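Engineer: Following is a predicted model, sequence given first.
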Amino acid sequence: MFALAATSRAAFQLLTKGSEAPLAYGLSAFAAAVYIVATVALAGHGPLARRVAIAALSVELTGVLAIGTASILEPGWFGDDTVWSRYGLGYLLIPLVLPVAGLLWLRRTGQNQV
């Protein structure tokens, strides 16, 4: 659900006012694409799906921490909020919570695998 919401918002922003804040909207579109990859990988089975999910969730967590920090220290850099701005505060911190929850879930379920 969140992947679709982020994708829809980023697409709308890029199409209607992309020239106003291309970095912010481009980052939001990138984040949305990675959310989709993570969602598909988490729904998949096998070691490849697991590795893709770990990679996608790690990219999301790195993005939300890096962009979140940058958006607090230098809010003018982006021109507008991204999905990751202020650690996802505009999305009730879901961008911060989801990758952490996903990585913890993968860690817990991975203990049962050889």
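Structural biologist: Noted; the coordinates are in hand.
Engineer: From now on I want contacts and neighbour counts done on CA atoms only, so please keep to that.
Structural biologist: OK.
Engineer: May I see the buried residues of the lengthiest helix in the chain?
Structural biologist: Of all segments of type helix in the chain, defined using DSSP state H, the longest is helix 47-73. For helix 47-73, burial by neighbour count (16 or more other Cα atoms under 10 Å) applies to 49-50, 52-61, 63-65, 67-71.
Engineer: Now do the same contact list for Ala49.
Structural biologist: Residues counted as contacts of Ala49 (Cα atoms under 8 Å, 6 or more residues apart in numbering) are 41-42.
Engineer: hmm, I was thinking of Leu65
Structural biologist: 84, 87, 96.
Engineer: repeat that with 7 Å
Structural biologist: Tyr87 (Cα atoms under 7 Å, 6 or more residues apart in numbering).
Engineer: show me what contacts the closest residue to Leu14 other than its chain neighbours?
Structural biologist: Nearest residue to Leu14, sequence neighbours excluded (Cα to Cα, 6 or more residues apart in numbering): Tyr25, at 5.9 Å. For Tyr25, the contacting residues are 10, 13-14, 18, 82, by Cα under 7 Å, 6+ apart.
Engineer: Mind checking which of the residues you listed are in helices?
Structural biologist: 10, 13-14.
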